[in-house]
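[1] Need coordinates for the following:
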Amino acid sequence: MNATDTSILLIDDDVELCDSLRRLLAMEKIAVSPVHNIAGGEADLSTRNFDLVVLDVMLPDGDGRILLERIRQCSDVPVIMLTARGDAGDRIAGLEAGADDYIPKPFVPAELAARIRAVLRRRLGGKGSLLLAADLKIDIPARRVRRNDEEISLTSAEFDILLALVRRRGECVTREELTEQALGRPVGMMDRAIDNHVSSLRRKLGAQIDGVDRIRSIRHLGYCYTGFPDA
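    A predicted model of the protein is given here:
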């Protein structure tokens, strides 16, 4: 990954974490812009473009998920959420609001740095072409999806999951494979991230095509994009 011109916005009130992460990623020529509250994050997002946002849930001036919702109204920039809360409901709410990944605290900065690198590789790397499947047109280099004549806004993780499923349409892609390919990490115990992203994809793309499930659940295994012929 050529990260010379890569920049991320880190919104977290933990000054020590911000400094550690900035030093770690500086060695890879990834610039980290730290701010410590929602107001600072909004100010930077309104004046600059970033390749990725790391956003804490609990900030001094409010709930980071509120800022996530505002970001998703106008941008598909990848967002990794940080939370001190470990309950599944909190993570599900963040994923459904448009987060690409969710990391519970405490963690070591190197783990977060690895997650960031994985997202950036998927976001910035990989040339491709136009992929057609029934009513979908997937522009891989531009990371854009159209259903018939309508452009569908997807998060970075949703795009990567859809791409993995469509490339192997008609086959079962396991949750483990989807987690590795789309989220850049191993699947954890009781990990529902992929299930929530797939639920969001069904809602955005339409659950069925001509009365047939678009993305079929394979019990205890994973998901299958139905094998419609290319458009």
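
[2] isn't Arg214 right up against Arg203?
    No. Using CB atoms under 8 Å, Arg214 is not in contact with Arg203, being 10.8 Å away. Using the backbone N, CA and C atoms, a C-beta is placed for each residue, glycine as well.

[3] quick one, phi psi at Gln181?
    When read as degrees, to the nearest 10, the backbone of Gln181 gives phi -80, psi -40.

[4] if we can go back for a sec, which one's more surrounded, Arg214 and Arg203?
    The neighbour comparison of Arg214 against Arg203 (other CB atoms under 10 Å) goes to Arg214, with 21 against 10.

[5] Give me the contact list for the worst-scoring helix or strand of the chain on mean pLDDT.
    Sorting the helices and strands of the chain by mean pLDDT, DSSP states H and E puts helix 88-96 at the bottom, at a mean of 72. Under the contact criterion CB atoms under 8 Å, 6 or more residues apart in numbering, helix 88-96 has outside partners 57, 65, 68, 81, 83, 102, 104, 190, 192-193, 196-197, 199-200.

[6] For these, pick the one with the most neighbours.
    Neighbour counts for those, by other CB under 10 Å, peak at His197, which reaches 27 neighbours.

[7] any idea of the angle the helix or strand containing it forms with helix 88-96?
    Following DSSP states H and E, one finds His197 within helix 193-205. If you take axes from the mean of the first three to the mean of the last three CA atoms, to 10 degrees, helix 193-205 sits at 40 degrees to helix 88-96.

[8] now for helix 193-205, which elements pack on it?
    In terms of contacts (3 or more CB pairs under 8 Å, 6 or more residues apart in numbering; DSSP states H and E), helix 193-205 is packed against helix 88-96, helix 156-167, helix 175-178, strand 215-218, strand 222-225.

[9] gap between the residue minimising distance to the centre of the chain and Ile71?
    For the chain, Asp100 is the residue whose C-alpha lies nearest the centre (CA atoms, centre = their mean; 2.3 Å). Asp100 sits 11 Å away from Ile71, going by CB to CB, to the nearest Å.

[10] Let me see the ranges of the helices in this protein.
    15-26, 38-47, 64-72, 88-96, 109-124, 156-167, 175-178, 193-205 (DSSP state H).

[11] sorry, back to before: tell me the one of the contacts of helix 88-96 nearest Pro141?
    Within the contacts of helix 88-96, the smallest distance to Pro141 is 21.7 Å, found for His197 (CB to CB).

[12] Just the pLDDT for that closest one.
    What the model reports as pLDDT for His197 is 92.

[13] What mean pLDDT does stretch 118-127 get?
    On average, stretch 118-127 scores 64.

[14] My error: substitute stretch 38-56 in the last question.
    Averaging pLDDT along stretch 38-56 gives 93.

[15] Endpoints of that stretch, how far apart?
    Start-to-end span of stretch 38-56 (CA to CA, to the nearest Å) is 9 Å.

[16] what does it rub up against?
    Outside stretch 38-56, the residues that reach it (CB under 8 Å, 6+ apart) are 6-14, 21, 33, 35, 59, 61-62, 64, 66-68, 70-71, 75, 77-83, 99, 112, 116, 119-120, 123-124.

[17] filter those residues to the buried ones?
    Buried members of those, counted by 16 or more other CB atoms under 10 Å: 6, 8-12, 21, 33, 35, 59, 64, 67-68, 71, 77-83, 99, 112, 116, 119-120, 123.

[18] Where does pLDDT dip in the protein?
    Residue ranges of the chain with pLDDT under 70: 1-5, 85-88, 90, 122-129, 227-231.

[19] Lovely, talk soon.
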